[in-house]
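Q: Have a look; sequence and predicted model below, questions after that.
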Amino acid sequence: MSSDMKFDQGLTLPEILSGNDLKIMLLPEKVRYSLRIKPSDIAAVNKASGLKLPRKIGGSNLGKDQFVMCLGPDEWFVVANVDARDRLEKIFAKLEKSFTLSITDVSHRNICFGLMGADAVKAVNIGCPLDLSLEHFPVGKVTRTVFESAPIILTRTGEDNFGIECWRSFAPYIRGFFERYATDKAAA
Amino acid sequence: MFLIHCPHCQEDRPEIEFAYAGEAHIVRPGPEQQDAMSDAEWSEFMFIRDNVRGEHCERWWHANGCNMFFNAVRNTVSDKFIKTYKIGHKRPSASQIQKWKDAANG
């Protein structure tokens, strides 16, 4: 697939809420890969690929054009810019030759909402019961969890900067939730 | 909010992320053993559980988290989790459970 592909993200609204203290938007399309690797192989995989996969569950590494995260003891998730696709595919093809692992392209499966601003923690906490204090959920932490009962991957890329990565089938539901939140916020 | 400690994530996580997965430490018979089992023995393995009132060893699944199964000792009366531990550890003895309870209480 060429690098100028356009995903049908299932949604067209780029911006859901735009205020001084909170901005919620649908982030641009990315390529995404789900990686299942034996934990014992991870040092060798990192050496061979240069992917910098974190070893700790919940850890992440934000690079120039890619974001790698560790979701479970043997599960990693890679989100990258569309033009990094060819580079990643080459790396994965090389890895598949020397390791027993599973790499699945899930680019079309997921979409990501971005939440920015001083009220971002409050907005995430409405649908997600995790403790988002910096002590328990520092910048760079990621985790699979639930948002209004929909399975998501929550990422924190800044103190007031969150990503809610969900399956695109859940996207209209979560967008609707944020739209209602925006209406309530405007009325309050 | 009800928190469960996940031994893989090594942190307390909300109960909504977890799913119950039945009694722990039940060994599934191998294919040859299965052939040798009578119907009564098979139905016992499939359906008969201890249904403990009190401390119960059970499996839990961190479905919306690290996606791993682990074991827990939970009091079925008070619904209090005494300890969670990774699969592969032996079934804790009564004295071990008592030790965990004492440690939790103070």
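A: It's in. Numbers count the residues shown, from 1 in each chain, chains lettered A, B, ... in the order given.

Q: I'd say residue B:12 and residue B:2 touch.
A: No - using Cβ atoms under 8 Å, residue B:12 is not in contact with residue B:2, being 9.9 Å away. The way it works is simple: take the backbone N, C-alpha and C, and place the C-beta from them, glycine included.

Q: Looking at those two, which is more packed in?
A: residue B:12 (15 against 12; other Cβ atoms under 10 Å in any protein chain shown).

Q: Run through the bridge partners of that one.
A: Taking DSSP bridges, one finds residue B:5 as the beta-bridge partners of residue B:12.

Q: where along chain A do the helices fall?
A: A:42-49, A:85-98, A:120-127, A:171-187 (DSSP state H).

Q: how far is the second one from where the chain is centred?
A: The reference is to helix A:85-98. Distance of helix A:85-98 from the chain centroid (Cα atoms, centre = their mean, to the nearest Å) equals 21 Å.

Q: In terms of secondary structure, what does it contact?
A: strand A:31-37, helix A:42-49, strand A:101-105 (3 or more Cβ pairs under 8 Å, 6 or more residues apart in numbering or on different chains; DSSP states H and E).

Q: related to what we said a few turns ago, turn the helices of chain A into CSV, columns for mean neighbour count.
A: Output for these, formatted as CSV (neighbours: other Cβ atoms under 10 Å in any protein chain shown):
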stretch, mean neighbour count
helix A:42-49, 15
helix A:85-98, 14
helix A:120-127, 18
helix A:171-187, 15
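
Q: could the ones you listed be laid out in CSV, adding mean pLDDT?
A: CSV is the format used below for those (pLDDT from 0 to 100):
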stretch, mean pLDDT
helix A:42-49, 93
helix A:85-98, 94
helix A:120-127, 94
helix A:171-187, 87
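
Q: Please produce JSON lines containing these, extended by distance to residue A:67.
A: Formatted as JSON lines, those follow (distance: least, Cβ to Cβ, whole Å):
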{"stretch": "helix A:42-49", "distance to residue A:67": "15"}
{"stretch": "helix A:85-98", "distance to residue A:67": "12"}
{"stretch": "helix A:120-127", "distance to residue A:67": "18"}
{"stretch": "helix A:171-187", "distance to residue A:67": "19"}
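
Q: And these: which comes nearest residue B:102?
A: helix A:120-127 (35.2 Å; Cβ to Cβ).

Q: which helices and strands does that closest one pack with?
A: Packed against helix A:120-127 by the contact rule (3+ Cβ pairs under 8 Å, 6+ apart) you find strand A:142-147, strand A:161-167, helix A:171-187.

Q: can you put the ones you listed in JSON lines and add distance to chain B?
A: Compiled in JSON lines, the helices and strands packed on helix A:120-127 are given as follows (distance: least, Cβ to the nearest Cβ, whole Å):
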{"stretch": "strand A:142-147", "distance to chain B": "5"}
{"stretch": "strand A:161-167", "distance to chain B": "12"}
{"stretch": "helix A:171-187", "distance to chain B": "15"}
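
Q: Cool, thanks, talk later.
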